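> here is a sequence together with a model predicted from it:
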Amino acid sequence: SPGNRAPAPDPRAPLWDDTVARLLRTQGAPARPRAAGALTPAPPYDPSLGDDAIRWGLLAAAAHDRPRIGPQLLRQHESNPLFTVRYAHSRARALRRDAERLGFTAAPLEQVEAGGLTGLIADYPAVLASAARLGAPDRLARHLESTADALLAFQHTVLPLGDEKPMAAHRSRLAVAEAAGTVLAGGLSLLGVSAPEHL
């Protein structure tokens, strides 16, 4: 009967909330529920780090590694993988806004050289499936780091330079950048980490 059915899982809840709760318990820290089914890590972690940094620190560590959670996760520097992934996402969104101001949108009109970025985008579903099947969110985090690094190396080719007019190659490169931004946003969301439009 309808009254006996289990409630449907909240689709907004991050995929690895149970992993975060387990990791917090093993380190003597209870997890407090927060909005939309996500978890707010409680002490011993410094709450000033914020949920995003603590969740990333817990989930990006491989099962055999001790999570490194500290002020280094707040550094706005390329040595901080959390910053790099979120920054790359915001750059993908900025490229789209800049292209709109220049009067063109993304369209995969031709094949473009994008280093390893297109391969990383194509690999995302398999990486996600593997990470979920094995309960290994660190695999997803590492894939997001690689995608972010590749996007940041590629971004300078996307928009026309100087008086150059937008061509099919620019539209195609923008399509690749937007796809990478979608991968980054989706992966961060599944980890329960925000993906800001501006950073």
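The structure has been received and is ready for your questions.

> how much space between His156 and Leu188?
23 Å (CB to CB, to the nearest Å). No exception for glycine: its C-beta is placed from N, CA and C like everyone else's.

> swap that for Pro137, sorry
Counting by CB to CB - Pro137 and Leu188 are separated by 11 Å.

> between these two, tell me which one has more neighbours.
Pro137 (28 against 24; other CB atoms under 10 Å).

> alpha carbons of stretch 187-194, in PDB - could you do that?
What follows is stretch 187-194, C-alpha atoms only, in PDB (Å, rounded to 0.1, in the frame of the first residue of the first chain):
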ATOM      1  CA  GLY A 187      31.000  16.000 -10.100                       C
ATOM      2  CA  LEU A 188      31.100  18.700  -7.400                       C
ATOM      3  CA  SER A 189      27.400  18.400  -6.800                       C
ATOM      4  CA  LEU A 190      27.700  14.700  -6.300                       C
ATOM      5  CA  LEU A 191      30.400  15.200  -3.800                       C
ATOM      6  CA  GLY A 192      28.200  17.800  -2.000                       C
ATOM      7  CA  VAL A 193      30.500  20.700  -2.900                       C
ATOM      8  CA  SER A 194      29.200  23.900  -4.300                       C
END
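
> so, low pLDDT: which residues of the protein?
Applying pLDDT under 70 to the chain flags residues 1-50, 63-67, 69-75, 77.

> at 80 instead, please
1-54, 57-59, 61-77, 79, 198-199 (pLDDT under 80).

> and the helices in it?
For the chain, the helices defined by DSSP state H cover 17-26, 50-59, 81-101, 117-134, 137-154, 168-191.

> and Glu110, which of the ones you listed is closest to it?
helix 168-191 (5.1 Å; CB to CB).

> so which elements touch that closest one?
Under the contact criterion of 3 or more CB pairs under 8 Å, 6 or more residues apart in numbering; DSSP states H and E, helix 168-191 touches helix 50-59, helix 81-101, helix 117-134, helix 137-154.

> dump those to JSON lines, plus distance to Gln111.
Output for those, formatted as JSON lines (distance: least, CB to CB, whole Å):
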{"stretch": "helix 50-59", "distance to Gln111": "34"}
{"stretch": "helix 81-101", "distance to Gln111": "19"}
{"stretch": "helix 117-134", "distance to Gln111": "9"}
{"stretch": "helix 137-154", "distance to Gln111": "14"}
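
> out of those helices, which is closest to Ser194?
Closest among these, using CB to CB: helix 50-59, at 5.6 Å.

> so how far is Pro160 from the closest residue to Leu188 other than its chain neighbours?
Nearest residue to Leu188 in three dimensions, chain neighbours excluded: Ala195, at 4.3 Å (CB to CB, 6 or more residues apart in numbering). To Pro160, Ala195 is 27 Å away according to CB to CB.
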